[in-house]
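Enquirer: Provided below for reference: sequence and predicted model.
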Amino acid sequence: MRNYEEITAFLGEWRPYQKVVFFLLSLTVIPNGLSGLIMVFVADIPEHRCLIPGNLNLSEAWINRTIPLQVENGKLQYSKCRRYRLDVIVNLSQAFPNPDSLNMSELKQEPCLDGWEYSKDQYISTIVSEWDLVCKDDWKGSFSTSAFFMGVLVGSFTSGQLSDRFGRKIVLFGTLAVQTVFGMLQAFSPNWETFCILSFIAGLGAISNYVAAFVLGSEVLGKSLRVVYCTLGVGIAYASGYMIMPLVAYFIRSWWMLLFVSSSVGILYIPFWWTECCVYLGDDFTRIWQSVGSGKQNDMQVQTHQARFLPLCRTRVWVQKLGKVKCEAISAIRACICTDANFTKAPKWV
């Protein structure tokens, strides 16, 4: 019995079909690189300190002294989670216009009861500043990233079974759509809990389309190209997403806009549905079909042609005929090539 390599040898190693598959499948991996690094910017923690309400009529000097100083990482800086009790500060400000004349280290402190104010020097907003994920809730920022990778973990176990059941191409584009849609929905999350749920689902889609593209390329490409695709093709595409993400984040400093723009990249892959698995066979397809249909070939030759076109039965076959690209539907190919049906006439072009 011939193996898979012998059966698909007629496709060649580096012909138009392999080039299309190699480059387009590699390009589908770029969004995975984007999503793998985006949480570094979306969940980053900007400089912050306790918010001092503006209705207290405190001078700028007293507002600055309301936040206690503490040593952090060897540097003296304002506390991020504590402030002096505001009722005491208000009373002292009325008696002492200049706070520098007082020793405030003994004053009682309280948590940031009125929220926080965040520096906008680096970011316009992040999910941390959006939902105050600091101090006692600082674990939520890290958990947001973990939610995405928990989805990646679950998807790693399910994506293979899905692609075996429904086909590589359907799973590839279906999970790419999941990653794109739920990534865009994250930008409109009303609260942190919703954001984490959407992040988990986006992680499911991210790893699933990565695995589907990886396996599809490994199965379709020839032996010599398979190693190049699985290392350089997929690896460089993923790394390209990693390199593009900081550049995009440099110009887009708002977390929701960054998520929406980076996720919407998946829309650009819609045309790939019609081009990614196309096979250009030229007049050779018609010549073989007509010779088989005329009965000029014996059973062994018919079986050979069935084996040659077997890899095409799971997709659409595009044939270039007289300068025009025409398409034969999947059902006709299965009925006339991939089964023992009689070859009586050429297919009707659609």
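Expert: Arrived safely.

Enquirer: residue contacts, G217?
Expert: G217 is in contact with 21-22, 25-26, 226, 229-230, 233-234, counting by CB atoms under 8 Å, 6 or more residues apart in numbering. C-beta: built from backbone N, CA, C; applies to glycine.

Enquirer: need the contact list for the nearest residue to R226 once chain neighbours are set aside.
Expert: The shortest distance from R226 to any residue other than its chain neighbours is 5.5 Å, reached at S218 (CB to CB, 6 or more residues apart in numbering). Applying CB under 8 Å, 6+ apart to S218 gives the contacts 226, 229-230.

Enquirer: now the helix or strand where S218 lies: mean pLDDT?
Expert: For S218, the host element (DSSP states H and E) is helix 192-220. The average of the pLDDT scores along helix 192-220 is 91.

Enquirer: Check which helices and strands whichever helix or strand comes after it sits against.
Expert: Downstream of helix 192-220, the first helix or strand assigned by DSSP H and E is helix 223-228. Based on contacts counted as 3 or more CB pairs under 8 Å, 6 or more residues apart in numbering; DSSP states H and E, there is no element that helix 223-228 packs against.

Enquirer: Please name the residues that touch G241.
Expert: 29-37.

Enquirer: ok, so what distance separates it from R165?
Expert: Per CB to CB, to the nearest Å, G241 is found 28 Å from R165.

Enquirer: before we move on, the earlier item: which of the contacts of S218 count as buried?
Expert: 226, 229 (16 or more other CB atoms under 10 Å).

Enquirer: how about the contacts of S218 in CSV, adding pLDDT?
Expert: Compiled in CSV, the contacts of S218 are given as follows (pLDDT from 0 to 100):
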residue, pLDDT
R226, 84
Y229, 89
C230, 86
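
Enquirer: Look at I52 and give its secondary structure.
Expert: coil (DSSP: H, G, I helix; E, B strand; the rest coil).

Enquirer: That one against Y84, yeah?
Expert: No: between I52 and Y84 there is no contact, the gap being 10.1 Å when judged by CB atoms under 8 Å.

Enquirer: shared neighbours of those two, which are they?
Expert: Any residue near both I52 and Y84 by CB under 8 Å, 6+ apart counts here, and that gives 66-67.

Enquirer: rewinding a little: the contacts of G241: which two are farthest apart?
Expert: V29 and L37 (13.5 Å; CB to CB).

Enquirer: So between the two, which is more surrounded?
Expert: V29 (22 against 18; other CB atoms under 10 Å).

Enquirer: Domains in the chain, by residue range?
Expert: 4-43+140-266, 49-118, 283-336 (automatic domain parsing).

Enquirer: quick one on the thing from earlier: what comes up buried for the helix holding S218?
Expert: 192, 195-218, 220.

Enquirer: if we look at stretch 34-46, which residues are touching it?
Expert: Outside stretch 34-46, the residues that reach it (CB under 8 Å, 6+ apart) are 118-123, 126-129, 133-134, 138, 141-142, 144-145, 148, 179, 183, 202-203, 206, 238, 241-242, 244-246, 248-249, 255, 258-259, 262-263, 265.
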